[in-house]
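Peer 1: I would like the atomic coordinates for the input below:
(chains A and B)
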Amino acid sequence: MSTISDFLNKNARQSVQDAIAKAKDNDSYHALLSLTEERALERADAVDRGEITGKLAGVPFVVKDNFLAYGAPTTAASTMLETFNAPLQATAVERLEAEGAICIGKANLDAFAHGGSTENSAFGPTKNAVDPTRVAGGSSGGSAVVTALDIVPFALGSDTGGSIRQPASFNGVVGVKPTYGTVSRYGVVAMASSTDTIGTFATTVTDAELVMSIMAGQDPKDMTTLPDFFTATTDALVGLKIGLVKECMTDDVDVEVRARTNEYVEKLKSAGHKVEEVSLSMLPHSLAMYYVIVPAELSSNLARYDGIRYGHRAQGVQTLAELYGKSRDEGFVTENKRRIMIGSYVLSSGFFDAYYLQAQKARTLLINEFNTLFSHYDVLISPVAPTPAFLLGENTSDPIKMYLADMMTVPASLAGIPALSVPAGTNGAGLPIGVQLMGARRSDATLFALARSMEAK
Amino acid sequence: MATTETLSKYDITIGIECHVQLATTTKLFSGADNDARDKAPNTVVNPIDFGLPGMLPVLNREAVNLAIKAGKALNSDIARVSRFDRKHYFYPDLPKGYQTTQMYNPIIVGGYVDAPLEDGTTVRVRLHHAHMEEDAGKLTHFGDYSLVDLNRAGTPLIEIVSEPDIHSPAEAKAYATELYRLMTYAGVTLGDLYHGNMRFDVNVSVALKGAKELGTRAEVKNLNSFKSVERAAEYEFNRQVERLEKGERVVQETRGWDDAKQKTTSQRSKEDAQDYRYMPDADIPPIVLTEQEITEIQATVPNLPAFYREAWKGLGFDETVMNALLISQKTAESVQRILEQSDDETARRIALWMLMAMNEDAHDETTDMQQPDVKISDEQFLALSEMVAKNELSSTAAKDVLGEMLQSNDNPRTIAERKNLIQVSDEGAIASIVDDVLADPASAQAVKDLKDGNDKVIGFLVGQVMKKSQGKANPALAQVLIKKAIARDAKH
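Peer 2: Here you go, the predicted model:
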């Protein structure tokens, strides 16, 4: 698979044309919702004329279609925003463009990033890059697949509970969910304000780190961004203390997933790191917290889609209430509505304390437990998901089963800590399996350094 | 209408929530212009105010500073940590589907306002808290359609919530007026009531005197003048007492004020109350303040009304005059400046002129809706005052000159000379007129009476001198000279 360096100092127009041609050839995967061909070629020509320079000059990339970007509508894979053309770009996109990167298209996702398979897209599912009968994972399924299909060397995603890490695992690429606040959320359609993070897919850890280092940093437009802390380390890491989260290695977890994880652990040990089994006792409660807090926040963040100012507006209505009801009914997919209902319920008077506040208290306990673990261990390791990619349609009728696939990724989201999903081989059927490396807040560089050192092994 | 006798059986209890628009340059969470007055619809709206996807709030620090200043004027504590929450409801003037407000941890806690009443006493109204929040936009209805204007959406407000410590419509008005003074003096708001810079929600309940529990309250929303606060409270007192007298109960509801009809009307009952699904706003980190920051910001709060009330004790104003002067910070500052460079008598004289000038300026219903400002300089006022002190102008003539000064930029002496109002205090000139008057046969009887010791007739003779001098003679001097002339004659 190609890496970022393969595109540097090359004819940018050629790179963009090749990427677009490849995207079109792989149309059957339905990984992209739109191509931004015209704008991409204009920018490529500017790179070729030397007018645009930078660390990513001429490198094509793709953004998840919940990033506001020029050249195509920002749909969030929903009917609600099907025709919404953004008047501005996300900070993440702006920073990459400032280094000369060229966005060639916008990737499919679960509508408004609600889901773990990209089957909740209003425009049809994305197919797995390795086995098209299987799901791409999600919600950033399209971005994972365009990277895995080698259409572009990197693609942006958003990760609220595993939306980058799980599809990275399902398609055999690197996926980054940084420390909460590393990259500005400005211009990315909000899901859950307290766990939304902006990250990337790449074919190598080095590329992922380069992209993150460009996007990272405080943004005056997002008050939750952290002061710049992100600096890549080249120091060789020796003798790290690593904890293997035992709650993620139970019999419920696919045998081959456990086997690949154990093999990765063995490789860590051979590299001189110390690995011990540790307990994250709050992990079994994490899903319950997550599916209270995140629906609460997203029900609030989706309130603006009311058919009044922009977005889908229902026809043939008589009253204001009907306009709201019908516009939202038609503009949202079932999973959006399910989560809005849950969120509205847990925030309603009389239930707020019992659900929302209780979940936030449990979240504090989870964070405390992580802090305790990180006072003893440099890194935690676990599988990314309990299984490799499941079949298209396999879980669509059972939302609980679908939610269980997020069990291993939501703790890092709730705690705001960084987590990488890195390829760790395949199962017997050739389906990719990833492992997750988690660190303390702002230890992103350590995770990259560790993952990079293991990549060669 | 309930009779006075009936009303006297009941107590009225009032609590007031007041929305104060903060005088910031930009909105609470966006860089859009905060002054929406007289702007074309939707022209001071940016993507954040518009609620576009992916937009995030950026807290305006200037608004926080103004809230901190407000806290000083309100004798409140400033929370070291305060937070924003979201209040959800759907309405076309609310772009995000929620209002960003402070439900759980407001920035201003406790405090009180001492509101002066016309009889010279004050009522202390305790405050529960005051929180920061953003305003909504505006909806205008046109028959079968409505239009949205988001110019005001995102404007920073503080909502000051009083305890139910107010027990008469007059107290309600006094509290509202004093709040206005405090907020304008502290520089928290421009105080443009006409444009809704301060809006009052008045909660009124009545109960039989001595009752242990308060009655059911009705809330009259969105009052934008002190007068309407008082009238709405009066109306509600009557309405609620009448209901109770008829054996009916008061419904807990929101009512509107019809200024034309001077009455409140039901808008929605408590049964229609929405569930706002309050939740913390994770997009905005908590406001964390240090003692030092608070002290530094509060040190910039200028003199408040209480300072002037104390400083002007020697000026001998009654409460009506004092409160009228204090309605405008600019006037208060002017009077204080004058006082500092002159004396009590001069300051009092000029202050009363200012009051006249303010009343002159206020020619319509908006009297208490704009911050009055007298456009005459201190120097001009002092010059005018000096002319009175030196007997060059009578007090009546001074008012005449003042009226002219409000119209033109001319100095008072020029005006007085043009209008021929300067008093003649030249002894020789007046003595000659006095001689003329005394020699006039028409004065003979009076002169005789005066010589006989009937002092009262001197008024007649002074009047004659004034008449002959066309009003310009200094009457006091004329009197002295008449007495002198009579005495001189008597010697002969």
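Peer 1: what's the closest non-adjacent residue to B:Asp114?
Peer 2: Distances taken as CB to CB, 6 or more residues apart in numbering or on different chains place B:Thr122 nearest to B:Asp114, at 4.6 Å, with adjacent residues excluded. For glycine as for every other residue, the C-beta is placed from the backbone atoms N, C-alpha and C.
Peer 1: again with B:Leu182
Peer 2: Closest residue in space to B:Leu182, ignoring its immediate chain neighbours: B:Ala73 at 4.1 Å, by CB to CB, 6+ apart.
Peer 1: Next, count neighbours for the one you found.
Peer 2: If you count neighbours by other CB atoms under 10 Å in any protein chain shown, B:Ala73 ends up with 25.
Peer 1: That one touches B:Tyr180, doesn't it?
Peer 2: No: B:Ala73 is beyond contact range of B:Tyr180, at 11.1 Å (criterion: CB atoms under 8 Å).
Peer 1: Chain neighbours aside, what residue packs nearest to residue 304?
Peer 2: The chain I'm using is chain A. Excluding the flanking residues, the one nearest A:Arg304 by CB to CB, 6+ apart is B:Gly51, at 4.3 Å.
Peer 1: look at chain B instead
Peer 2: Going by CB to CB, 6+ apart, B:Leu304 has B:Tyr185 as its nearest residue, at 5.2 Å.
Peer 1: isn't that neighbour right up against B:Ala306?
Peer 2: No: counting by CB under 8 Å, B:Tyr185 stays clear of B:Ala306, with 9.8 Å between them.
Peer 1: Looking at those two now, which is surrounded by more residues?
Peer 2: Taking other CB under 10 Å, B:Tyr185 and B:Ala306 do not tie; B:Tyr185 has more neighbours (24 against 17).
Peer 1: measure B:Leu394 to chain A for me?
Peer 2: Just so we're on the same page, residue B:394 is Ser rather than Leu. B:Ser394 is 65 Å from chain A, where distance means CB to the nearest CB, to the nearest Å.
Peer 1: Write out the residues of the stretch 101-250 of chain A neighbouring chain B.
Peer 2: Within the stretch 101-250 of chain A, the positions near chain B by CB under 8 Å from any CB of the partner chain are A:185-190, A:192-194, A:220-224.
Peer 1: Filter those down to the buried ones, PyMOL style.
Peer 2: The following PyMOL line selects those of those that are buried, judged by 16 or more other CB atoms under 10 Å in any protein chain shown:
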select buried, chain A and resi 185+186+187+188+189+190+192+193+194+221+222+223+224
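Peer 1: for the residues of the stretch 101-250 of chain A next to chain B, which one is nearest A:His114?
Peer 2: The nearest member of those to A:His114, counting by CB to CB, is A:Ala192 at 10.0 Å.
Peer 1: got the CA coordinates for the longest helix anywhere in chain B in CSV?
Peer 2: When chain B is parsed with DSSP state H, its longest helix is helix B:226-245. The C-alpha trace of helix B:226-245 is given here as CSV (Å, rounded to 0.1, in the frame of the first residue of the first chain):
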residue,chain,number,x,y,z
PHE,B,226,-40.7,50.9,35.1
LYS,B,227,-44.2,52.3,34.7
SER,B,228,-45.4,49.1,33.2
VAL,B,229,-43.8,47.1,36.0
GLU,B,230,-45.8,49.1,38.5
ARG,B,231,-49.0,49.1,36.5
ALA,B,232,-48.8,45.3,35.8
ALA,B,233,-48.3,44.6,39.5
GLU,B,234,-51.3,46.9,40.4
TYR,B,235,-53.4,45.2,37.8
GLU,B,236,-52.5,41.7,39.0
PHE,B,237,-53.1,42.7,42.6
ASN,B,238,-56.6,43.8,41.7
ARG,B,239,-57.3,40.8,39.4
GLN,B,240,-56.1,38.2,41.8
VAL,B,241,-57.9,39.8,44.8
GLU,B,242,-61.1,39.9,42.8
ARG,B,243,-60.8,36.2,41.9
LEU,B,244,-60.2,35.2,45.5
GLU,B,245,-63.1,37.4,46.7
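Peer 1: Distance from the chain centre to it, please.
Peer 2: How far helix B:226-245 lies from its chain's middle: 23 Å, per CA atoms, centre = their mean, to the nearest Å.
Peer 1: If you count neighbours, what's buried in the helix or strand following that helix?
Peer 2: Reading on from helix B:226-245 to the C-terminus, the next helix or strand found by DSSP states H and E is strand B:253-258. By neighbour count with 16+ other CB under 10 Å, strand B:253-258 contains the buried residues B:253-257.
Peer 1: now do stretch B:182-197
Peer 2: B:182-193, B:195-197.
Peer 1: closest to B:Ile158 among those residues?
Peer 2: Nearest to B:Ile158 among the buried residues of stretch B:182-197, counting by CB to CB, is B:Val188 at 7.4 Å.
Peer 1: which residues does that closest one contact?
Peer 2: B:20, B:22-23, B:66-67, B:69-70, B:73, B:158 (CB atoms under 8 Å, 6 or more residues apart in numbering or on different chains).
Peer 1: Same question for B:Val437.
Peer 2: Shown in contact with B:Val437 (CB under 8 Å, 6+ apart): B:443, B:461, B:464-465, B:468, B:482.
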